[in-house]
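J.: sequence first, then the predicted structure:
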2 protein chains.
Amino acid sequence: MNKAAIIKAIKEKKSFLSIGLDTDITKIPKHLLSYDNPVLEFNKQIIDATADLCISYKINTAFYECNGLKGWESLIKTYQYLPKNTFSIADAKRGDIGNTSSMYAKAFFDESASEMSFDSVTVAPYMGKDSVSPFLAFKDKWVILLALTSNEGSHDFQRLKDHDAMLFEHVIKKSQEWATDENMMYVVGATRGEAFLEIRKHAPHHFLLVPGVGAQGGSLADVCKYGMTTDCGLIVNSSRAIIYASNGEDFAEAAREQALLVQQEMAAELQKIGIS
Amino acid sequence: MNKAAIIKAIKEKKSFLSIGLDTDITKIPKHLLSYDNPVLEFNKQIIDATADLCISYKINTAFYECNGLKGWESLIKTYQYLPKNTFSIADAKRGDIGNTSSMYAKAFFDESASEMSFDSVTVAPYMGKDSVSPFLAFKDKWVILLALTSNEGSHDFQRLKDHDAMLFEHVIKKSQEWATDENMMYVVGATRGEAFLEIRKHAPHHFLLVPGVGAQGGSLADVCKYGMTTDCGLIVNSSRAIIYASNGEDFAEAAREQALLVQQEMAAELQKIGIS
């Protein structure tokens, strides 16, 4: 999906919600454990119940890798079940020297090699340009680069300051030499709304992927107040608060109810910028 | 393997060589393609031919992920084939918020969940303490944290300077609040020998994992001159220069010859610190 298609989906669905499939087999409803692949069955039912309310699904690869071969199979099959009109995110936080990043790009973008072709992958910036650019070599695919994350450890290095700019600002500025707002987004945590002011100084038109709303405590209103552009410019992810809304047989229905609440709040925010 | 066991292996084998299994199906000898799992067969023959010359094998996960489910199976089976008296490295460059890093730690350390229990995993530091500490919760396992890498992009961010210390120095100093030289190593690229002087100022006793000798152009003599401790303190990795020494039927023998040359050079360096 290119940028225009993402904006079109936001306008049609009145939503900029991404649902995070951080599916943990120890947290899903017990009645699913009798299925051959409980994680996949859980994901399918969540997707079926929410696809009209969100514009994106984010698959956190760690939750699949930890289950070994069966987990990687669930990852592939979940990818294959995603509706083609939603923006798919491999939340993998990869990044290595050039020839290795090329292999990671194949893993998530080249269906003929890996059976998966996500629209985007999250990438860690520490190793610089040649660790990121192999992902950009794929047409119509996106890099979502870590900038300012929502966790406690984000204070350890991301705010170190060199020449009046913090590390996350250097990441945003430097990476714009490699990519445009048509093939790069940034991860910006929702836990401090005002931080979006600093981000928008350097990336006024880029889409931002915003985790941390919901279980991690971020406020959607603040994110919109400080981070929204005239095109919306935000994809806000919620994982646990939606997918684990209930752990009974009504889990998919409960997930839908939670997603609907967020979508309605998003529709109100979109109205403020004339999308209604 | 704990630190004492690594040092013991170095003394016994007169080697601090790690062989990188960056196995690319398009680069392995053609006669292997008739095997059910050519990558696994290649790895087994390389391991059989070199196990007495190296103290470690480093598996670069990207080269397995890019082959989808079959690739992940090769990763598991290669792990399972590694000799138990060698130090195993999952070169995965992972790192995410705490609950996600816990899942990555299970993926590489918890055999009951994932069929793999490497001695160590490489971790990217960008997201700070809570992205690293879940790996440290596993007893007798190691985090190998990216500090100063060997690629061109290492200049983009790793040398940004805050208060008289560069980012990679902050990473080394800060991370010592979370771990010791018994459960953390650092990745330091070999492309500039003098850089080891700066590293050793902050980490005089830690083991360093050094990629970039061989195909990437680093000099072993320089690495030893500036980076070696009285316990050796170095694990030097070579991937392409060894495993692709020949692409004929003699590939394993040719890999052994290359590994032997490196081991002999290492034995001479070890002699200088009294290990002979």
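T.: Thanks, I have the structure now.
J.: contacts, neighbours, all on C-alpha from now
T.: Will do.
J.: tell me the gap between the helix or strand containing A:Y226 and the middle of its chain.
T.: In the assignment (DSSP states H and E), A:Y226 maps to helix A:220-227. In terms of C-alpha atoms, centre = their mean, to the nearest Å, the centre of helix A:220-227 is found 17 Å from the chain centre.
J.: what pairs with whichever helix or strand comes after it, parallel or antiparallel?
T.: Downstream of helix A:220-227, the first helix or strand assigned by DSSP H and E is strand A:234-238. If you go by DSSP bridges, strand A:234-238 pairs up with strand A:17-21 (parallel), strand A:208-210 (parallel).
J.: could I get those as CSV with mean pLDDT, distance to B:L21 and mean neighbour count?
T.: Shown next, in CSV, are the strands paired with strand A:234-238 (pLDDT from 0 to 100; distance: least, C-alpha to C-alpha, whole Å; neighbours: other C-alpha atoms under 10 Å in any protein chain shown):
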stretch, mean pLDDT, distance to B:L21, mean neighbour count
strand A:17-21, 98, 31, 26
strand A:208-210, 97, 34, 26
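J.: the helix holding A:Y226 vs strand A:234-238, what angle?
T.: 150 degrees (axes from the mean of the first three to the mean of the last three C-alpha atoms, to 10 degrees).
J.: what packs against helix A:220-227?
T.: helix A:195-202 (3 or more C-alpha pairs under 8 Å, 6 or more residues apart in numbering or on different chains; DSSP states H and E).
J.: if you set the cut-off to 10 Å instead, what comes out?
T.: In terms of contacts (3 or more C-alpha pairs under 10 Å, 6 or more residues apart in numbering or on different chains; DSSP states H and E), helix A:220-227 is packed against helix A:195-202, strand A:208-210, strand A:234-238, helix A:251-272.
J.: and the stretch 151-276 of chain A, which residues reach chain B?
T.: Within the stretch 151-276 of chain A, the positions adjacent to chain B are A:151-164, A:166-168, A:170-171, A:174-175 by C-alpha under 10 Å from any C-alpha of the partner chain.
J.: helices - which of these land there?
T.: For these, the ones inside helices are A:154-157, A:167-168, A:170-171, A:174-175, with DSSP state H as the criterion.
J.: buried ones among these?
T.: Among those, those classed as buried by 16 or more other C-alpha atoms under 10 Å in any protein chain shown are A:154-157, A:167-168, A:170-171, A:175.
J.: make a markdown table from those residues and add pLDDT to it.
T.: Formatted as a markdown table, those follow (pLDDT from 0 to 100):
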| residue | pLDDT |
| --- | --- |
| A:S154 | 96 |
| A:H155 | 95 |
| A:D156 | 98 |
| A:F157 | 98 |
| A:L167 | 98 |
| A:F168 | 97 |
| A:H170 | 98 |
| A:V171 | 98 |
| A:S175 | 98 |
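J.: spatially central residue for chain A, please.
T.: In chain A, the residue lying closest to the centroid (C-alpha atoms, centre = their mean) is A:K58, at 4.8 Å.
J.: now do the SS call for that residue.
T.: Per DSSP: H, G, I helix; E, B strand; the rest coil, the secondary structure class of A:K58 is strand.
J.: that one and chain B, how far apart?
T.: A:K58 is 13 Å from chain B, where distance means C-alpha to the nearest C-alpha, to the nearest Å.
J.: do A:D119 as well
T.: Separation of A:D119 from chain B (C-alpha to the nearest C-alpha): 16 Å.
J.: what does A:P134 give?
T.: A:P134 sits 12 Å away from chain B, taking C-alpha to the nearest C-alpha as the criterion.
J.: which strands and helices sit next to the host helix or strand of that residue?
T.: Per DSSP H and E, A:P134 falls inside helix A:129-136. Judged by 3+ C-alpha pairs under 10 Å, 6+ apart, helix A:129-136 is in contact with helix A:98-109, strand A:120-123, strand A:142-148, helix A:167-175, helix B:154-157.
J.: is chain B contacted by the first one?
T.: Yep, that's helix A:98-109 we're talking about. Yes. With C-alpha under 10 Å from any C-alpha as the measure, helix A:98-109 is seen reaching chain B through A:98-109.
J.: could you dump the residues you listed into TSV with pLDDT, distance to A:H206 and neighbour count added?
T.: Below are the residues of helix A:98-109 next to chain B laid out as TSV (pLDDT from 0 to 100; distance: C-alpha to C-alpha, whole Å; neighbours: other C-alpha atoms under 10 Å in any protein chain shown):
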residue	pLDDT	distance to A:H206	neighbour count
A:G98	96	25	21
A:N99	96	27	14
A:T100	97	27	21
A:S101	98	23	22
A:S102	98	24	24
A:M103	98	26	25
A:Y104	98	24	26
A:A105	98	21	28
A:K106	98	25	26
A:A107	98	25	25
A:F108	98	22	26
A:F109	98	21	25
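J.: go ahead and confirm A:L160 touches B:Y126.
T.: No. Counting by C-alpha atoms under 10 Å, A:L160 stays clear of B:Y126, with 11.2 Å between them.
J.: neighbour-wise, which of these two wins?
T.: B:Y126 (28 against 20; other C-alpha atoms under 10 Å in any protein chain shown).
J.: A:L145 is in contact with that one, correct?
T.: No. Contact criterion C-alpha under 10 Å: B:Y126 and A:L145 do not qualify, at 11.4 Å.
J.: for A:V188, what are phi and psi?
T.: phi -130, psi 120 (degrees, to the nearest 10).
J.: thinking again about what came up before, shared neighbours of A:L160 and B:Y126, anything?
T.: Each of A:167-168 lies in contact with both A:L160 and B:Y126 under the rule C-alpha atoms under 10 Å, 6 or more residues apart in numbering or on different chains.
J.: what stretches of the stretch 1-150 of chain A score poorly on pLDDT?
T.: Across the stretch 1-150 of chain A, no stretch falls below the confidence threshold (pLDDT under 70).
J.: how about a cut-off of 90?
T.: Scanning the stretch 1-150 of chain A for pLDDT under 90 picks out A:150.
J.: which residue, other than its chain neighbours, is closest to A:C224?
T.: Using C-alpha to C-alpha, 6 or more residues apart in numbering or on different chains and skipping the chain neighbours, the partner closest in space to A:C224 is A:E269 (7.0 Å).
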